[in-house]
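[1] Just a sequence and a predicted model for now, questions to come.
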Amino acid sequence: MNGILAFFNLGTGEIIAIVVIVLLLFGGKKIPELMRGLGKGVKSFKQGMNEIEDEIKKPIEDLDKEKPGSSPDNQNN
């Protein structure tokens, strides 16, 4: 969490100001609904990233399985 705050260069005062503004704009009843939607969005994003990573890794693993000299045609019996 500190890395994120350092990236945006946010201090305690700025975070409190943002929280107050969000409360004024959306009200206390809407905040849980907004956070739930944000959580679902982050989860969906992570799933998409994992699927892309798997698609990239699969061809590499397939190439490793097909190393030269490991096929039955190249064996001298």
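    Sure, I can see it.

[2] so what pLDDT did residue 61 get?
    For residue 61, the model assigns a pLDDT of 82.

[3] So, low pLDDT: which residues of this structure?
    Where the chain drops to pLDDT under 70, the residues are 1-7, 68-77.

[4] What ranges does it have for its helices?
    2-8, 12-26, 31-65 (DSSP state H).

[5] Tell me what angle the longest one forms with helix 12-26.
    Relative orientation of helix 31-65 with respect to helix 12-26: 110 degrees, computed using axes from the mean of the first three to the mean of the last three C-alpha atoms, to 10 degrees.

[6] Now do the contacts for the most centrally placed residue in the chain.
    By C-alpha atoms, centre = their mean, the chain has its centre lying nearest to residue 46, at 3.6 Å. By C-beta atoms under 8 Å, 6 or more residues apart in numbering, residue 46 lies in contact with nothing. In this view, the C-beta of every residue, glycine as well, is placed from N, C-alpha and C.

[7] Could you report the distance from it to residue 54?
    13 Å (C-beta to C-beta, to the nearest Å).

[8] Ok, residue 24 next?
    Taking C-beta to C-beta as the measure, residue 24 falls 43 Å from residue 54.

[9] same thing with residue 19?
    Residue 19 is 37 Å from residue 54, by C-beta to C-beta.

[10] Share the number of residues neighbouring residue 57, please.
    10 (other C-beta atoms under 10 Å).

[11] my bad, residue 67
    So residue 67, with other C-beta under 10 Å, has 8 neighbours.

[12] same check, this time on residue 40
    10.

[13] Next: residue 21.
    When neighbours are counted by other C-beta under 10 Å, residue 21 comes out with 10.

[14] same check, this time on residue 54
    Neighbours of residue 54 using other C-beta under 10 Å come to 10.

[15] Kindly report the same for residue 31.
    13.
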